[in-house]
Structures are given as structure tokens and as C-alpha cells.
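>>> Can you look at this prediction? I've put the sequence above it.
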Amino acid sequence: MEADVKELYDNRLKRVKDAIALKEPDQIPIVSPVQKFVYDHAGITMREAMYEYDKTKFACKKFAEEFTPDMDFGPWFALPGKVLDITKLNWLRWPGGGLEDDNNMYQFIEDEYMKEDEYDEFNFDMTHFLLTKWLPRSVGNAEGLKNFPVIRNAMWFGWFPACLPFASDELIKAFDTLKRAGEELGNYYSFVGQYFDEVKSEFGMPAAAGSFAWAPFDLIGDTLRGTEGVLMDMYDRPEKLEEAIDRMVPIGIDMGVQGLKNNQNPFCWIWLHKGMDSFMSDEYFSRFYWKSFLKMIEGMVEEGVIPMIYGEGSLNSRLKYFAELPKGKCMLHLENAEIEEMRTAKETLKDVVCLSGNVPNILFSHGSVDEIKDYTKKLIDICGKDGGYIMDTSALLDEAKPENVRAWFDTTREYGRY
């Protein structure tokens, strides 16, 4: 990088890290996982963004150069459509895969990809279960994985019969699917890596995410048991659920550590799906959600990861729990929090965690420039005091007026200086 670009890069990275460390940076950083707006603003459909990487790069670079966020998410929210086509992933419908070309990124299709009577099998040999039950149910073109042998039985002379299933035509077809998906995913990751190299060298802009992770409870509840299933499990088989959740803790930690290993990026974004106020009682949140989640966060921090905790839904009744986070080591995004609730969050957590959020998305799509400016200033006055604050929307931004997005960035830059 040229010296002036490197200075931009270093300043932006320091700005974000200072805010997370509860210090006052030179100005309030903007780090926002903007989604469909990036592609709308560039005049391309979500299907084009998911299948044509040259158009994806054009759109993402246009956003980065025009609005200059302090860290950039780039193409991460345009999933690789070709990989989804090859795998026939049953969880999703997407533009080009069952949805209209300019629909949002995807729709999630819930199901019980692990049955209620399979906890013992899952907890006994998770890898074999995921290979032979969960993956064949999840990946429509890899059903042959159900024939994958029990590798634990291959020790000593057991390897002789363990070889037999590899001759299965169904298993060979599944391997071919995964091979083709892996090759295409390699193309996608090469494209993503090249993109972030370019915005770093051309604009002095850090990548926002080195890795992604989920709370241990959500790892079970999202793509294994489903919402209804995991809710019933809290009542019908709580000990088995807790055992499975505990097994997710080191896996969640490793998800965050992979970013450090692979690209030296410490920022791990953790999307909270099922911990919201209305999802479960305080008693059940403490037992099933928070205990394992806190262990995961503490484990990540010990490994040098910076957890970027992204709350989806309301977390206003959970603030006492987040006060237990490692001090000055994490970011906490609040989505459904009104101005006074943000004030309460700041007062409660100002010595513990950097807050993020939360100009309502509805203002970007239906509000005026003046409304955006006023709301942004209020958030800065309340949450920006003494540092420890990152500006963001309330949720991943889709529909928005460009003039409102521009006013939001400009107001934060001008009004949010220390």
C-alpha cells in the first residue's frame, strides 16, 4: 500500500479497536453489515450478485468508495448461488433458487434435520451423525452420504469392512457433488479474498469480518432441531439438550479462531438468533443460552478473537447478563432498542462492552434526511459519550434511499468527532 492509503487503513482499524476497548477514538466508527442496499444502489439484482462475481465486486466497491465505512463487509452477504445449485441446499430458497431475481438474499426453510430421538447418537459420535444423517437431509444432492462407514470401527482389522461402503454408487455420487461444490466454493473464496485485498490497497479499508459464529444454543436450534423442536426439547429432554449445547462451546470457539488462523483477522461476528426477550423466559435463557454462550465468548477472547455480538430482536431484558462479558473485549449490537432503551444499555454496560446500533431501518426507507440526521445525533449524544460506541443501523440494511444513507454517514463523520 502507498503511505497515505496505509495511514487510512491503520486509522480505521485503530478507530474500531479503540471503541471496542472502551476508549475514545478520534471519531465514532461506522461498521454496518449492509445487505441488499449495496446491490440496489449499483443497479444489479440479488441473483446477479449471487452468480456474477464481476458485478458483485463492482457493486461492493462502489459502496465502499462512495460511503467509506470504517470496515467493509464486501460480498459476504451475496451467497454463492452456484454452490447452492450444486448442493441443492434444503435450508434455503434464494434468487435463482426458488425466489424472484431481485428478492432479498434468501429465505430460511426450517425443519428438524435432527430428530428428537437422535440426541444420544449425536452426542456419542457427532461427526458420524453429521456426515450420515444431518448432511444427507440438508444437502439434497448428497443423500448418498448416509452410506458413509462408521470410521471409529475401522481401528485395527476393522478397516477391512469399513472400506466396503466406499464402493456404493450413491456415496460416490455424493462425493462428486461435494467435490464440485468445493471447487466452486474455492472460486468464490478466491474472489472474496481478492476483493478485500483490493479495497485494502486501493481505499485503505479493513475487512469487517475474519469469521462468523453462532451461540451454542443456536447451533442446535437453527439447522439441527429447528425452532419448534429446540423449544420442546427444553421441556421434554433438557439434560440431553444441555449436553449437546455444551459440545457446541469448543466448536463455536474454533469458528472464531479460524479467522485468526486463516487471514489474521480477529473480528468474529456472532449472530444471536434465539436469545431475544420474547423467545424464552429469563430462567431458561440463563440455563440453556447464556451459560454456554459466555463460555464461548471467554474462550474466544483468550485466543485473541474480538467477538462482534450481533443481537437480532430485542435484548433489552438481557442486559444484566451482558454485563458479565469480558471487559473491553467485545462489541454488542442492539437491534430493537428505542432511544431510551439505548440510554439504559449505555448506563448499564458503559464499563463493560462497546455498544453498536441502531438507527431504525424504517427511517432509511421511509424517513427523511432530517429525521436520519436527528436520530443519528441523538444516538451519538447518548451512546457516544466517553467512547465505547460504534454507529450502525438497527438491522442489515436492504431497502433504503441513497440520500438517507449518505446523510447518515456524513452526520456521523461530522457530529461524531471527539
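Perfect, thanks for sending it.

>>> which element follows the least confident helix or strand in the chain by mean pLDDT toward the C-terminus?
Within the chain, judged by mean pLDDT, DSSP states H and E, the helix or strand with the poorest mean is helix 159-162; its value is a mean of 74. Scanning forward in sequence from helix 159-162 by DSSP states H and E, the next helix or strand is helix 169-203.

>>> Buried ones in that next one, by neighbour count?
Buried residues in helix 169-203, counted by 16 or more other Cβ atoms under 10 Å: 171, 174-175, 177-178, 180-181, 184-185, 188, 191-192, 195-196, 198-200, 203. Every residue, glycine included, has its C-beta placed from N, CA and C.

>>> same deal with stretch 9-21?
9, 12-13, 15-20.

>>> any idea which of those is closest to residue 325?
residue 20 (11.3 Å; Cβ to Cβ).

>>> residues contacting the closest one?
306, 328-331, 354, 388, 390 (Cβ atoms under 8 Å, 6 or more residues apart in numbering).

>>> Any stretches of the stretch 201-350 of the chain with poor pLDDT?
Along the stretch 201-350 of the chain, segments meeting pLDDT under 70 are nowhere present.

>>> Mind jotting down where the strands sit in it?
Here the stretch 201-350 of the chain has its strands, by DSSP state E, counting those that start in this stretch, at 211-214, 267-272, 306-311, 331-333.

>>> Please apply the same query to the stretch 1-150 of the chain.
Taking DSSP E, counting those that start in this stretch as the criterion, the stretch 1-150 of the chain carries its strands at 92-95, 98-99, 107-108.

>>> returning to that earlier point: could you dump the strands of the stretch 201-350 of the chain into TSV with mean neighbour count and distance to residue 105 added?
Converted to TSV, the strands of the stretch 201-350 of the chain look like this (neighbours: other Cβ atoms under 10 Å; distance: least, Cβ to Cβ, whole Å):
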stretch	mean neighbour count	distance to residue 105
strand 211-214	22	14
strand 267-272	24	13
strand 306-311	25	15
strand 331-333	26	18
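
>>> how about these in a markdown table, adding distance to residue 45?
Shown next, in a markdown table, are those (distance: least, Cβ to Cβ, whole Å):
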| stretch | distance to residue 45 |
| --- | --- |
| strand 211-214 | 24 |
| strand 267-272 | 25 |
| strand 306-311 | 26 |
| strand 331-333 | 28 |
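
>>> end-to-end on stretch 163-172?
Start-to-end span of stretch 163-172 (Cα to Cα, to the nearest Å) is 13 Å.

>>> let me redo that: stretch 142-160
Start-to-end, stretch 142-160 (Cα to Cα) is 24 Å.
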